[in-house]
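[1] Coordinates only, no sequence provided:
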């Protein structure tokens, strides 16, 4: 074990990209691209490798563009209502003679000698005679050879993404195959002795390899052809051999994990041996320990191990390289201005990327930061955009105007739910999307954070569960106290069980709050200000329990799951929380009390969304779905408790 | 043969869509969707059929988030610089004892009894002792079980398009497969006795089936799974059987052609027999004869035969049905305001869709209408957007402010070339894109139209070839006369051959303009004002030829290709045009003269694009590429002839 050495040089992002792109360009990576010949019908979405030229004209013959009669234009000159011209109807097999005409349908070949079509609606046919009352101009209602595409003309230029009409044009021009830029083959090598490929093989300390699947999917999204290498353990020679072999068969190699300065991080040494390391360490967070190398003229990228870091750095340093290598267009950056919902701290010296939910609240676009952990995959899923805090910034205050780069995954309106989170909110989100196509995006900042977000018009919805220890009543006194202004409603969502979590089998035989003062029992507490802590502090005196007698009362953690995890880890015997947290970790649950989890709805007068939500809460389908989770009572769901 | 009956009722587009969507909704087409179970790794881009719930927490154990030492937080209380705390280093296999600690790497399982990690940088290790100078809080630098995803929590809601991070989340949550909405199977049936499947089998009057390939590609683009039926001839029972059989195996059936009121148009009768025809005829152009039917609860769509009509009506009546059926998001309409470059006539009573090129010229966004023919596939390829002229509008004047719905195919800046077209312009476009990534979009409106477009700042580039019959000089006098204002340059592109086109083998033995007055020879002329006509009218008197003695001098057509087609059709013996047109139709070419094809470059002062273009014109690569076409001399290409 040694003290990890820091990345000696961390380049800023823009300088890194410049160096990376210039080096790849100089190595010829973006020129003389390999070509693949495909049947035209299979070339959708591919990029033309060169210009394509028509082998035949379109149309390839002079054809009637209408149902009507084919005539020689000069035979019709002088025709008028007062001077009808009569032409002789010829049979298809008859040769043309001046003053003759043929019946033609749309698309029929123009009979030799004719050069104009008169619409059937304008012809009076009587036996073998066709009478017309207007002259025809040459080539009227005729599709002339090459009117669309002339033989030898360019059909598609080089480096064009082939669309459905392009396929029609290529085929019509007589081309059966087309040269397209070959998809770059990208091998993704998951490395790490701790990695396992299948969920069944997970043990504590082992990590499921999900990144290689995510990165392969990203490569597909960017037009590449991903190849997932099997997991390679942290063994220098094995990793080196895997990279070297992959370089032979691929246009790009990505290794995942093994790029930080930790114990078993070989990547940069290996890549330096196989080629040239251009960058090791970029001044960004997450994603700092990225390695960019050029081996045998091909890019090799060492991405960091945490999924969020891996995805972000792939977007920064893999995406546009792949797109350029295929001449696919680089999607334009979509930025929207927004008001930052909460203060953001940031390190000076690194550019920090913060994932956010974005919603429009009472006329204001609000960006609510999500979890910033590099390991929190769910934050990638919930995020609608990302904002960058520059390397010289120590952070941004709440209310700051920021620019959010949108992911543009969905085209729905977004409702921001900020406050205490509950699984029932996720289910509300599903029902809302079904009925209104609106997306619910939830950020967990606790009850008081939710009230403040509503106060500042930074949330549409806030879940709260706050006990007033004077009245024993939930939530109402708090919203009335803090939300004097604005138009909002407080609506009951659920009564949910709070209780003590204990090890399976309840080895210490804990029955209730009375037991917490026993000498053989250690407790883990929630932080001051949390709804659960408020409930505990309300209940203890009622049961005659003195908190200072509880071993561990001062040990605070900040989520239900942290309480459960503490018990699972054996660092405490019990702690209070909701039933769902106990169920998630297989702990036993001793019900102690109920609490009321309500939501504040913050919508302007006349907006029907609040009503829609209330109706969902009252619906039997929604109630059943939530109660199925266990520990929930929705009998009062949808009851309006307070209005402003 | 009978006079085609008109579509008795043509619904407006919005009413048609409403009826169509309501009928499909009522038939249950958008509910109870078929589900497919896929391995998670193959579900990229698919839509979740239901909500997915986590089978395991992520992380699934309490692990160190740092390289460092794992401690029991309470053992560290009171540590400070002035009061270091010393902990005993335990081996991995040792059980925890108070005051002990373990070395851990990032990701390592937290040893039982520990609940906090101190970064290795903050630890001084000396033999078996670890000295720290700051207290640790519980669970600091620890990834707690379920910190990312809690078991039983919703991972993805229903009807979400699966992205690369979603794949990571599903796998991490212990899911190996996921239920997604099945891709709708769409059978495309090309109908028509005149259709052939392969280019080799094309004869005059036969039509290559390109639409079915285009429509299958479009179905793929919209998430469906296309099945291309073989061509069915215009035979009532055969078409009916094909539709009936396809209905059994598909979620949607598209027939192509056979929907107008012509002779062999069975579609609507057949669909009425197999189900219910909801719409036959929509008040749009192109695309009027569309048929929308509901057979066995499935949509059956008869699309018109012309490719442009087929694509437009598919976009209007197929696309969103397919997207809705899969719960894929409907892409938002991207509209940009633009100034119409030319007057547009329109029929009252139908909504007309006009494809346009869009470019920004001297600060003004300009929409230049492309060919409006329903058969002109190339107009689909060149178009950057489409505008709609409402059914009550008789048309729009030049300069009208219009809204263009953008196709958003490419992300490049567009240069509009308006004027006389030449194949060399297409090649210029390729070189421009290579060097600047700008897209050249060319509209053919003749030389004078090009000058006017520059005058009105509606073109960046105008190709012209206009002979001044007083001076015998090309182009210069015209630009000086018409373009007094503005900043432009006139630049030589090429000298190109004009000549007489004749049947292969030159059966009439035509040697030059002198022969045009021969009694056995008929001529086809270009329209007044065209460059070719100007050249002819300049040359004839010089050669002592009187135009009134030429049989056919008054027969005017408006393109080089129409002249060539007239000769191919036997309706004239010869006509004047450029060599490329003769080559395209395999005609012989008798050179008569050279003309100068020049381009006006219309860019503001300081814009480097004009210089870039001039440099391209001067480059040997460009000159070779154009001269390869035959009939071109580029010795003077890039010479600036006039500047304003």
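    Good, I have the coordinates. All of these numbers come straight from a predicted model, not from anything done at the bench.
[2] Quick one: distance of the helix or strand harbouring residue A:493 to the chain centre.
    Secondary structure from DSSP states H and E places residue A:493 in strand A:488-502. Mean C-alpha position of strand A:488-502 versus that of the full chain (Cα atoms, centre = their mean, to the nearest Å) differs by 31 Å.
[3] Stretch A:432-440 too?
    17 Å.
[4] Partner strands of whichever helix or strand comes after the strand holding residue A:493 and their direction?
    With elements assigned by DSSP H and E, the helix or strand that comes after strand A:488-502 is strand A:523-526. Partners of strand A:523-526 in the sheet, by DSSP bridges, are strand A:556-557 (parallel), strand A:574-578 (parallel).
[5] And residue A:474, how far from residue A:392?
    Noted for residue A:474: a distance of 45 Å to residue A:392, by Cβ to Cβ, to the nearest Å. Quick note: C-beta positions are derived from backbone N, CA and C, even for glycine.
[6] So between those two, which is more surrounded?
    Under the neighbour definition other Cβ atoms under 10 Å in any protein chain shown, residue A:474 and residue A:392 were set side by side, and residue A:474 has more, 24 against 9.
[7] Next one: the nearest residue to the more buried one once chain neighbours are set aside relative to chain B, how far apart?
    The shortest distance from residue A:474 to any residue other than its chain neighbours is 3.8 Å, reached at residue A:596 (Cβ to Cβ, 6 or more residues apart in numbering or on different chains). Per Cβ to the nearest Cβ, to the nearest Å, residue A:596 is found 22 Å from chain B.
[8] For residue A:596, report the pLDDT, please.
    Looking at residue A:596, its pLDDT is 95.
[9] Quick one: low-confidence residue ranges for the stretch 1-150 of chain A.
    A:1-9 (pLDDT under 70).
[10] any chance you could map the helices in it?
    A:13-26 (DSSP state H, counting those that start in this stretch).
[11] what does the stretch 501-644 of chain A give?
    Using DSSP H, counting those that start in this stretch, helices in the stretch 501-644 of chain A cover A:531-542, A:560-568, A:579-584, A:609-618, A:620-627.
[12] Save those helices as CSV, and put in distance to chain B too.
    Converted to CSV, these look like this (distance: least, Cβ to the nearest Cβ, whole Å):
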stretch, distance to chain B
helix A:531-542, 15
helix A:560-568, 4
helix A:579-584, 4
helix A:609-618, 14
helix A:620-627, 9
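[13] Mean neighbour count, the ones you listed: which tops it?
    Among the helices of the stretch 501-644 of chain A, helix A:560-568 has the highest mean neighbour count (mean count of other Cβ atoms under 10 Å in any protein chain shown), at a mean of 27.
[14] So which elements touch that one?
    strand A:488-502, strand A:523-526, strand A:574-578, helix A:579-584 (3 or more Cβ pairs under 8 Å, 6 or more residues apart in numbering or on different chains; DSSP states H and E).
[15] So which of those is the most surrounded?
    Most buried of the helices and strands packed on helix A:560-568 by mean neighbour count (mean count of other Cβ under 10 Å) is strand A:574-578; its value is a mean of 27.
[16] what's that one in contact with?
    Contacts of strand A:574-578 with the rest of the structure, by Cβ atoms under 8 Å, 6 or more residues apart in numbering or on different chains, involve A:422, A:496-502, A:508, A:510, A:515-516, A:521-526, A:532, A:535-536, A:557, A:560, A:563-564, A:566-567, A:592, A:631.
[17] repeat that with 7 Å
    A:496-502, A:510, A:521, A:523-525, A:532, A:536, A:560, A:563-564, A:566-567, A:592, A:631 (Cβ atoms under 7 Å, 6 or more residues apart in numbering or on different chains).
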